[in-house]
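K.L.:
what's the 3D shape of this:
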Amino acid sequence: MQRVKAQNRNMHSPGILISHPTGNQNVRNALKSLAEREMLAEFWTTVAWDTQSKWNRLLPAGMRTLLERRAYAEASAEQVKCVPWREMVRLGAGPTRFSSLLSSGERPFSIIGVYRHFDGRVARRLRALHPCGVYAYEGGALKTFQEAKRLGIPTLYELPSSHWYWEHRFLSEEAERNPAFAGLLPKLQDSPGHMRWKDEELRLADTVFVASQHVRHTLSGVVPDEKIRVVSYGAPPIRARQPMPRDAHRPLKVLFVGALIQRKGISYLLDAVDRLGAEVELTIVGRRFQPNPRVDEALSRVRWFETLSHGQVLDLMMESDVLLLPSLCEAFGLVVTEALACGLPVIVTPNVGAGDLVFDGREGFVVPICSAEAIADRLHALDRDREMLAAMSRNAQRTAAEHAWENYRANLADAVRTAILC
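P.N.:
Numbering: from 1, shown residues only. All right, here's what the predicted structure looks like:
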């Protein structure tokens, strides 16, 4: 009887259409939030890979790893819809000589071009499906929202970054302050037309979902506060961790995970580590954006992985002593909650959204932005006081347990219901 009632309800209210071209942990959990509560109509993406496909065994290892990240078990196969061809061309071009011809700027096979083509395809689907709401993300929502407005469908917008004008102003100041790293600020390359595109998305949104108070702050004066819903992202399951070694003579194992760009504070990270010399042992996981003498020199002498699977990153966290993420602006920073779940203390700035979950001196430290001196000071303190490091490790896991992905999914579902009913 309950199944019949659910089917009848779905016939009259097909639920939410959620769309994201590439997917990530927060998208997957938003999808799962709707699917497990029978609130999902369809999920649209570019590539949804079948890991059981015969092609999976024939692909080069790197491409196979890349595509396996695009498998979606959170929804049924019937609910997952794809618009794959442009994204497959973009992925195939990769870091080759064809990349600049096909995938640079706003060309058809660039990430912006892929988002816009995908957005148009989702918009056409609304006419046939007519869901009770559409949930879309920054850069891939304009045409969808325009069609939704024409059809009278509520528009829900997730902004997983700081507001673009706030970010552009802030990073422009950083480029002047630190010109040697100005080439590692890709956000400054966004065209005025692209930002106007996102302006219109934001204007058409009935409700704007953000993951942190930092992002809410950057929207002040741009979006009415009553339209904004803060729903913090979650942490993965706690991983059992061996007690941290108390040997103060062992170098402090410092981990950085992220793109090697100045928005992530890469220059301040490297300067801080250099101040401490043999006290610390740095491991970096992340791709280079473009050549930079300072970064390239550092990568030649530290432990560096250009890319690792998600599981390998978590394993590396279990071997490390502290995660360092000195970002100048970071809407959330999922790597922080992953580190907390691994019992890894963190050093972040106030402009890291996940810092909402970190109290200075409890799960780690919150340091001022653009301060290699402050970072080095906190690393030195942890190196000298391994008992404090161990206590922070325990606190980190307690905080992660209180902010599990299950909590995010429940909070998001409640916020979506409220937004649709308003």
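K.L.:
Residue 135 and residue 80, how far apart?
P.N.:
15 Å (C-beta to C-beta, to the nearest Å). For glycine as for every other residue, the C-beta is placed from the backbone atoms N, C-alpha and C.
K.L.:
which one of these two has more residues nearby?
P.N.:
residue 135 (30 against 18; other C-beta atoms under 10 Å).
K.L.:
Is the more buried one bridged to anything, and to what?
P.N.:
residue 18, residue 156 (DSSP bridges).
K.L.:
Ends of stretch 344-357, what's the gap?
P.N.:
Taking C-alpha to C-alpha, to the nearest Å, stretch 344-357 runs 14 Å from one end to the other.
K.L.:
thinking residue 338 is in contact with residue 235, fair?
P.N.:
Yes. Proximity of residue 338 to residue 235 meets the contact threshold set by C-beta atoms under 8 Å, at 6.9 Å.
K.L.:
More neighbours: those two, which one.
P.N.:
Higher neighbour count among residue 338 and residue 235: residue 235, with 28 against 22, using other C-beta under 10 Å.
K.L.:
And the strands in the stretch 101-250 of the chain, which stretches?
P.N.:
133-137, 155-158, 207-210, 228-230 (DSSP state E, counting those that start in this stretch).
K.L.:
most packed of those strands?
P.N.:
Stretch with highest mean neighbour count among the strands of the stretch 101-250 of the chain: strand 133-137 (a mean of 27; mean count of other C-beta atoms under 10 Å).
K.L.:
What mean pLDDT does that strand get?
P.N.:
The pLDDT scores in strand 133-137 average 98.
K.L.:
ok now it, how far from the chain's centre?
P.N.:
Put simply, strand 133-137 sits 17 Å off its chain's centre (C-alpha atoms, centre = their mean, to the nearest Å).
K.L.:
same question, stretch 252-260
P.N.:
Chain-centre distance of stretch 252-260: 16 Å, with C-alpha atoms, centre = their mean.
K.L.:
I'd like to know how many residues surround the residue nearest to residue 99 when sequence neighbours are not counted.
P.N.:
Counting by C-beta to C-beta, 6 or more residues apart in numbering, residue 93 is the residue found nearest to residue 99 once chain neighbours are left out, at 4.7 Å. Neighbour count for residue 93, taken as other C-beta under 10 Å: 18.
K.L.:
One more: residue 265?
P.N.:
Residues near residue 265, counting by other C-beta under 10 Å: 32.
K.L.:
and it, what is it in contact with?
P.N.:
Applying C-beta atoms under 8 Å, 6 or more residues apart in numbering to residue 265 gives the contacts 325-328, 349, 369-370.
K.L.:
Show the pLDDT at the residue nearest to it when sequence neighbours are not counted.
P.N.:
Leaving aside its sequence neighbours, residue 265 sits nearest to residue 326 (C-beta to C-beta, 6+ apart; 3.5 Å). If you check residue 326, the pLDDT there is 98.
K.L.:
The one 10 residues further on now?
P.N.:
What the model reports for residue 336 is a pLDDT of 98.
K.L.:
quick one: it and residue 346 touch, right?
P.N.:
Yes. Contact criterion C-beta under 8 Å: residue 336 and residue 346 qualify, at 5.4 Å.
K.L.:
Name the residues that touch the longest helix along the chain?
P.N.:
Longest helix in the chain, counting residues (DSSP state H): helix 111-129. For helix 111-129, contacts defined as C-beta under 8 Å, 6+ apart pick out 14, 17, 19, 21, 41-42, 44, 46, 81, 83, 86-87, 90, 103, 105-108, 134, 136, 139-144, 146-148, 151, 153, 194, 197.
K.L.:
tell me the domain boundaries of the chain?
P.N.:
2-234+405-421, 252-402 (automatic domain parsing).
K.L.:
Which of those domains sits closest to residue 243?
P.N.:
Of all the domains of the chain, domain 252-402 sits nearest to residue 243, with 6.7 Å by C-beta to C-beta.
K.L.:
what's the first-to-last distance across the closest one?
P.N.:
Domain 252-402 has its terminal residues 27 Å apart, counting by C-alpha to C-alpha.
K.L.:
chain center to stretch 402-420, what's the gap?
P.N.:
18 Å.
K.L.:
Provide the contact partners of it at residue level.
P.N.:
16, 26, 29-30, 32-34, 36-37, 39, 132-133, 135, 154, 156, 206-207, 209, 229, 231-237, 337, 357.
K.L.:
Residue 333 and residue 92: what is the separation?
P.N.:
30 Å.
K.L.:
A strand includes residue 44, no?
P.N.:
Yes. Looking at residue 44 with DSSP: H, G, I helix; E, B strand; the rest coil, it is inside a strand.
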